[in-house]
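# let's see this in three dimensions:
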Amino acid sequence: MSRQPSDDLRKLPVFANLHKKELEQADSLLTPVTFKAGDMLCVEGNFGLQVFIMITGTAKVTKHGEDIATVGPGDLVGEMALLDMSERSASVTALEPVTALVASAHEFASLRRIPGVDAAIRAIAASRSADSVGTTN
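Just a heads-up that it's a prediction; the model follows:
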């Protein structure tokens, strides 16, 4: 999947305010991945090793087998486990074909060093916690 960082990444809330150089840096740290309907992006109880940024498609978030949220384009999945260095507190399953950008824990740490990205990620995580949906990690 080829993409123009200044176009595609800027559409994502976490990267919306970055300059071209920063977008290119972020792009170099992300790898496009695809999932089929039914594939699991994250499994509750597993240690978090990756973060996903949804590009297309939707996925359901479940905790203890209960549906708690639906995520889609622009949403982050898995960041809270990496921020907290903890186990995944929920499972995320693709409801339809999903395209996402994935970053390993190391790449995620590098992304967070790009000016403005860490603040955007933490704001997303805080709003999710405030909405009691802070379980999509």
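# pLDDT-wise, which helix or strand of the chain ranks last?
helix 5-8 (a mean of 58; mean pLDDT, DSSP states H and E).
# buried stuff in whatever helix or strand comes next after that one?
Moving toward the C-terminus from helix 5-8, the first helix or strand encountered (DSSP states H and E) is helix 20-28. Applying a neighbour-count criterion of 16 or more other C-beta atoms under 10 Å, the buried positions in helix 20-28 are E22, L23, Q25, A26, D27. Just so you know, the C-beta spots here come from the backbone N, C-alpha and C atoms, and that holds for glycine as well.
# kindly report the same for stretch 52-62.
Residues of stretch 52-62 classed as buried under the neighbour-count rule (16+ other C-beta under 10 Å) are F52, I53, M54, I55, G57, T58, A59, V61, T62.
# hang on, L49 packs against S104?
Yes. L49 is in contact with S104 according to C-beta atoms under 8 Å; the separation is 6.7 Å.
# now, which of the buried residues of helix 20-28 sits nearest A69?
Checking these against A69 by C-beta to C-beta gives A26 as the nearest, at 25.0 Å.
# tell me the contacts of the closest one?
For A26, the contact set (C-beta atoms under 8 Å, 6 or more residues apart in numbering) comprises P5, L9, F15, L18, L111, I114, V117.
# look up how far L30 lies from the second one.
Taking C-beta to C-beta, to the nearest Å as the criterion, L9 is separated from L30 by 8 Å.
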